[in-house]
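S.K.: predicted model and sequence follow; I will ask about them next.
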Amino acid sequence: MANPQGGTPRIYTTQFWLLCTSSLLFFGSFNMIIPELPNFLTQLGGGEYKGFIISLFTLTAMISRPFSGKMADRIGRVPVMMIGSTICFVSSLLYPILSTVSAFMMLRLMHGFSTGFTPTGQTAYLGDVIPFQRRGEAMGILGTAGTLGMAGGPAIGGAIANNFSLDVMFYCSALFAISSILILISIQETVKDKHPIRFAILKIHKKDLFEPRVLAPCVVMALCAYSFGALLTVIPDFGEHVQIKNKGLLFTYFTVSSLMIRLVGGKASDWYGRQAVLKISTFLSL
């Protein structure tokens, strides 16, 4: 977007900051409930299935990404982001009425679609509005917004659950999600040649699933995410073991360290290259 005085174009516009705010609320919404889900599942009689809390969520997030990416190109970035936030909103409202373990598992599968859609739309939108030479820095800022939600959400959710109830926590999660949706309504779409929604959009071909040039980064990402997911699953029980009442604080401390490095890491990837930053960050996760 051009500067009114005819100088250097402004990189970080109001639209970009709206995107960051929506991201903060979205990530805050679904991270708010994670520390309390093990206890919630135990109350339903499914304590032995705690490992599925993250894995089922991740499964549908992974499956939905080829579809959400294609839809982002066809129907627009904003609609795809809104689909994810809407799923997050509906899922949060449904948790309080669950009464069986099987229903919980089905809802976790459904909830996972949210992170398969909204982050995909966010990344595509950012690529449209930020020039390549500043994209790492912009990704760092957008990632920081999401990390704030990931850091604050668990602590807020834990405090609400301890002082009120799990149901109130779920409703607050829904409030965060609907706030994210309301902000998305104000964001201007960047896809000009949009296609109507039809079944053909959902047809996925081999070229939509596999791109040889990104195979190595995908393998690295999968291994790092697996390590992170395993840790994420056991943290609430570990917090209970060491008598930490607000288990969300464990997630907050964990995420704050990520928050502190994102801005530096994003700009460093613009200066020194993506590969150098990936090597350092992967080594630090050991």
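M.R.: Structure's in. What do you need? Numbering: from 1, shown residues only.

S.K.: shaky segments in the stretch 1-150 of the chain?
M.R.: 1-9 (pLDDT under 70).

S.K.: now do the helices in it.
M.R.: Remark: helices assigned in the stretch 1-150 of the chain by DSSP state H, counting those that start in this stretch are 14-32, 37-43, 52-74, 77-94, 101-129, 135-163.

S.K.: do the same with the stretch 151-286 of the chain
M.R.: 166-185, 206-209, 215-241, 248-272, 274-284.

S.K.: may I see those helices organised as a markdown table, with mean neighbour count and distance to T86 added?
M.R.: Bear in mind the C-beta positions are built from the backbone N, C-alpha and C, glycine included. Below are the helices of the stretch 151-286 of the chain laid out as a markdown table (neighbours: other C-beta atoms under 10 Å; distance: least, C-beta to C-beta, whole Å):
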| stretch | mean neighbour count | distance to T86 |
| --- | --- | --- |
| helix 166-185 | 20 | 6 |
| helix 206-209 | 8 | 24 |
| helix 215-241 | 14 | 24 |
| helix 248-272 | 17 | 24 |
| helix 274-284 | 13 | 32 |
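
S.K.: weakest of these in terms of mean pLDDT?
M.R.: The minimum mean pLDDT among those belongs to helix 206-209 (a mean of 62).

S.K.: now do the contacts for the residue lying closest to S91 once chain neighbours are set aside.
M.R.: Take S91 and drop its neighbours on the chain: the residue closest to it by C-beta to C-beta, 6 or more residues apart in numbering is H111, 4.0 Å away. Contact analysis of H111 by C-beta atoms under 8 Å, 6 or more residues apart in numbering lists F30, F57, T60, I87, C88, S91.

S.K.: how about a cut-off of 10 Å?
M.R.: 30, 33, 56-57, 60-61, 87-88, 90-92, 94-95 (C-beta atoms under 10 Å, 6 or more residues apart in numbering).

S.K.: list just the nearest of these to F164.
M.R.: I33 (13.5 Å; C-beta to C-beta).

S.K.: count the neighbours of the closest one for me.
M.R.: By other C-beta atoms under 10 Å, 26 other residues sit near I33.

S.K.: hang on, it packs against S114?
M.R.: No - using C-beta atoms under 10 Å, I33 makes no contact with S114, being 12.0 Å away.

S.K.: okay, and the common contacts of those two?
M.R.: Jointly contacting I33 and S114 under the rule C-beta under 10 Å, 6+ apart are S91, S92.

S.K.: format the helices of the stretch 151-286 of the chain as JSON lines; extra columns: distance to V101.
M.R.: Listed next are these as JSON lines, based on distance: least, C-beta to C-beta, whole Å:
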{"stretch": "helix 166-185", "distance to V101": "16"}
{"stretch": "helix 206-209", "distance to V101": "32"}
{"stretch": "helix 215-241", "distance to V101": "16"}
{"stretch": "helix 248-272", "distance to V101": "23"}
{"stretch": "helix 274-284", "distance to V101": "36"}
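
S.K.: mind checking which of those is nearest G51?
M.R.: Here helix 215-241 is closest among the helices of the stretch 151-286 of the chain (C-beta to C-beta), at 5.9 Å.

S.K.: now G140: how far from S269?
M.R.: Per C-beta to C-beta, to the nearest Å, G140 is found 8 Å from S269.

S.K.: what does A103 give?
M.R.: 43 Å.

S.K.: kindly report the same for M169.
M.R.: For M169, the distance to S269 (C-beta to C-beta) stands at 36 Å.

S.K.: and what of I156?
M.R.: 31 Å.

S.K.: repeat that for S23.
M.R.: 19 Å.

S.K.: do the same with P35
M.R.: 31 Å.

S.K.: over to L107?
M.R.: 37 Å.

S.K.: which ones are touching L25?
M.R.: L25 sits next to 85, 88, 145-146, 148-149, 153, 175-184 when contact means C-beta under 10 Å, 6+ apart.

S.K.: ok, and the closest non-adjacent residue to it?
M.R.: Using C-beta to C-beta, 6+ apart, the closest residue to L25 is S180 (4.0 Å).

S.K.: got a quick PyMOL command for the buried subset of the contacts of H111?
M.R.: Selection of buried members from the contacts of H111 for PyMOL, criterion 16 or more other C-beta atoms under 10 Å:
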select buried, resi 30+33+56+57+60+61+87+88+91+92+94+95
